[in-house]
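Undergrad: sequence and computational prediction follow.
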Amino acid sequence: MSNEIMSLNEKFDAGFYTGVAETVEEKKTLYNGITNQTGPLSDTKGKTLKVVNFYCEVIAMDSDIKDDDGNTITIKEPATRIVIFTDDGKAYGCVSSGIKNSLMKICQIYGMPAEWEEPLQVTLKEINRNKNRIYTFELV
């Protein structure tokens, strides 16, 4: 694995914002997008989004497991919370390893959003595997 890809993995694991918020208005947009999203990313399934930036942070999610005696134990597991920022000023949030993986692949191929010539057009796709729903992006 190359150092560039390792660096990208480390960024996703540490959390980061792909844009630059310098002015007061840009900082407000970033803060409001992170704390008060337009809605969940899952609400955009089948719609085209024009992505301009995204934000990632590691959070702790509750996960139930069974011990050897069959008792349910709740543990905390790390997960990546993602907020997608679109060119129309909207922000959509999710916790999805599939979206994290999609964004990592997009960054490996296209570079970071600051390097894109125009907003990247994506459509949210849902894949059902067994009892799990996996979200991913399809480029439009």
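TA: Structure's in. What do you need?

Undergrad: and the end-to-end length of stretch 81-95?
TA: With Cα to Cα, to the nearest Å as the measure, stretch 81-95 spans 5 Å from end to end.

Undergrad: from the rest of the structure, what touches it?
TA: Stretch 81-95 is contacted from outside by 19, 29, 32-34, 37-44, 49-59, 61, 79-80, 96, 99-100, 103, 119, 135, using Cβ atoms under 8 Å, 6 or more residues apart in numbering. Any C-beta I mention is one placed from the backbone N, CA and C, and that applies to glycine too.

Undergrad: now, those that are in helices?
TA: 29, 32-34, 99-100, 103 (DSSP state H).

Undergrad: now those residues as TSV including pLDDT and distance to residue 84?
TA: Formatted as TSV, those follow (pLDDT from 0 to 100; distance: Cβ to Cβ, whole Å):
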residue	pLDDT	distance to residue 84
29	88	13
32	93	14
33	91	9
34	91	11
99	96	8
100	93	11
103	95	9
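
Undergrad: which of those count as buried?
TA: 29, 33-34, 99-100, 103 (16 or more other Cβ atoms under 10 Å).

Undergrad: those into a markdown table, with extra columns for distance to residue 131?
TA: Listed next are these as a markdown table, based on distance: Cβ to Cβ, whole Å:
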| residue | distance to residue 131 |
| --- | --- |
| 29 | 37 |
| 33 | 31 |
| 34 | 30 |
| 99 | 19 |
| 100 | 20 |
| 103 | 24 |
